[in-house]
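> The sequence isn't on hand, but the structure is:
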């Protein structure tokens, strides 16, 4: 999709037709049933619409679950499924209006060979996994064969092909890469860009990436090779409107000893793109008509996958936060006449794969790989098949080891009776995650997941030289590499994309974590509630999920307040002095802090790496979210040696005061119109297909909803981030909140949208009022 303002003549005409088509299909598009009687392989399956629009499936066993889920996903989220599938196969430019962005994303999918990886994985799956995939596909195809296409697909002339097991598998691969592993790639690219640009290793870079650059100055061959390497692929192109991506998440569990009900409590809230309708998750309630001991499941699913991703059963509850495991490595390859150099003067031939991308015109593309990984080549080389001599980056992703056990862990309905049984299944989840669990016996646990490569003791953040011995992976790491914790003395477990401090080899698994601002805040809230009340209930966990206090801002305010203590004629200083350090929609202090913070970063990080480069990293890439706390630690350190390098020798107090003055020089407060956080970061929920291009018309006819005030910051439990990414307005934050008491047979949840992705449905945005009021709905089998 083009950036805001690009090609608007065409898009105005194009989407004007969409409005007319959509309005003319109101009658046909409205759901006139609430119960559907289905059948799969002779078994009756019932599908009903619950009180809040959540679809309830009932039938005998796992295949009934998968079939009913496939039908439900096709009914409510078919456009979403088809767009993700199209992106995964690298066919956006072929099947949708061709733009620069569609070809870029197609090249990402084709170069990473998501289809080839999925085909290889599918061949390894066991019979039960294959049966789940076939049942799900049958459910999707049953709906598609008996209903007209959604008008969005009619509009672009897309006739979706029948759903196949491979489609679910390739959907899993693109979701596992974009926005997750690609975030690690962006961080490593940021470091490489700095080194190639000649930034010194010692000082701010070494402090920000500590301890991973230690010793780099002692390896002149490696450092010289890095500085001479061609970086052809920069940061991952835009994908937020097409592929579900986790930006961050929270999850925690409280042991039965600290619960009012006498059983464990569980909470989870994944954070993705929250400005998209529909959101990336959908909900399901399943009742197994043949298993009285494991009779139901409630929770979140991802359209395209026959899986309960997060949620609860009678026995267990579980939710995931992105684990930040380093599942990707870069190598430096020396290309010489179609080969790459190896130890002892040996040269290995480069493998070339040719693919055709059909768009406005047929285009041949060539992709290059070696035994160490995929070579990142220029678009010119990808078009001509010619790779000039020189130093290149090659990249390898640990999902090369995706096999039968990973398929079993992904495509399933949970049947485990306790956290220990569940952890043994979750261990094989390919995606890097931290699964927080609770069970009906009162236990709580955390299982780290992800395919972890065995690097043979080699470093992971800095590229390795392909012509040295011992640099290749030696397989998948053993079970001791992944962290597991059960019933800790504290009485609770929390995860928020942080490092596991108790894991003895944790820094070998996670080399760049998002930080501990949120997880420490969650812990302090739980501990304070236990100290005050002794026992907690679901209402306490619900309240914690919308907490908007910023531990990060508190660190800076502690430094700022003494600097402005003697400034009497300073209205914005008065606001900062009185600020409660909360990022709620009515807050003025939050706006002033954000302005100061951004200006301060320009005067430090921007000065160090260049303002244009910093602006790109701050606004258009995921790098900043990963490095925020590390950068804060350098800026706020007692030893200001690295800070003075960032600032060009200007002391920190002077930088802070200058940033304050500059940030508020033309502020609306001085004109009697102070800005609140709701004004500063508005949240409009826009349709994922139209992406806000219909403007006010889209809001008037109910395709888009808002604006709302988005609370939070990237460092608050109730996370909120806002910006223009690659020309698209994007908000990131919680898209699903979930709380469960294992003493009950129910759950409390809310979506940042509604169950359906069809904008004519009554359930398209039905939960937005609940979501923005911080309330949850009750769901039960």
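Yep, that arrived. All figures in this text were calculated on a predicted structure; none of them were measured in a lab.
> contacts, neighbours, all on C-alpha from now
OK.
> give me the number of residues near the closest residue to residue 487 other than its chain neighbours?
Leaving aside its sequence neighbours, residue 487 sits nearest to residue 444 (CA to CA, 6 or more residues apart in numbering; 5.4 Å). For residue 444, the neighbour count with other CA atoms under 10 Å is 31.
> can you pull the contacts of residue 444?
Each residue near residue 444 by CA atoms under 8 Å, 6 or more residues apart in numbering is listed here: 253, 254, 255, 264, 419, 436, 437, 438, 486, 487, 492, 493.
> Between the residues you listed, which sits nearest residue 294?
Distance to residue 294, by CA to CA, is smallest for residue 419 among the contacts of residue 444, at 15.0 Å.
> burial of that closest one, as a residue count?
Residue 419: 25 neighbours (other CA under 10 Å).
> Surely it touches residue 440?
No - the pair residue 419 / residue 440 is not scored as a contact, 9.2 Å apart, by CA atoms under 8 Å.
> any residues in contact with both of those two?
residue 316.
> the strands in the stretch 651-781 of the chain, which residues?
In the stretch 651-781 of the chain, the segments counted as strands under DSSP state E, counting those that start in this stretch are 682-687, 705-709, 721-725, 728-734, 736-741, 747-751, 777-779.
> which other residues reach the first one?
The contact list for strand 682-687 (CA under 8 Å, 6+ apart) reads 274-278, 692, 703-710, 722, 731, 753.
> So for it, mean pLDDT?
Mean pLDDT, computed over strand 682-687, is 93.
> Quick check: residue 215 vs residue 194, distance?
Distance of residue 215 to residue 194, computed by CA to CA, to the nearest Å: 17 Å.
> Repeat that for residue 254.
43 Å.
> now swap in residue 359 and tell me
36 Å.
> What of residue 632?
19 Å.
> If you count surrounding residues, which of the two has more?
The neighbour comparison of residue 632 against residue 194 (other CA under 10 Å) goes to residue 194, with 18 against 15.
> and the more buried one, helix, strand or coil?
helix (DSSP: H, G, I helix; E, B strand; the rest coil).
> My guess is it contacts residue 608. True?
No - with contact defined as CA under 8 Å, residue 194 does not reach residue 608; the gap is 9.7 Å.
> for this protein, what's the longest helix?
Scanning the chain for the helix with the most residues, using DSSP state H, yields helix 61-88.
> count of residues packed around residue 80?
27.
> Correction: the previous question concerned residue 543.
12.
> so which helix or strand takes in it?
Secondary structure from DSSP states H and E places residue 543 in helix 538-545.
> Mind listing residues that contact the helix or strand just after that helix?
Heading C-terminal from helix 538-545, the first helix or strand you meet, by DSSP H and E, is helix 551-563. Residues outside helix 551-563 that contact it (CA under 8 Å, 6+ apart): 517-518, 521, 576-577, 581, 593, 636, 653, 656-657, 715-716.
> Is it possible to get a markdown table of these that adds distance to residue 223 and pLDDT?
What follows is the contacts of helix 551-563, written out as a markdown table (distance: CA to CA, whole Å; pLDDT from 0 to 100):
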| residue | distance to residue 223 | pLDDT |
| --- | --- | --- |
| 517 | 33 | 96 |
| 518 | 35 | 96 |
| 521 | 39 | 98 |
| 576 | 45 | 91 |
| 577 | 47 | 92 |
| 581 | 43 | 97 |
| 593 | 38 | 94 |
| 636 | 29 | 98 |
| 653 | 35 | 96 |
| 656 | 34 | 96 |
| 657 | 37 | 94 |
| 715 | 34 | 94 |
| 716 | 38 | 97 |
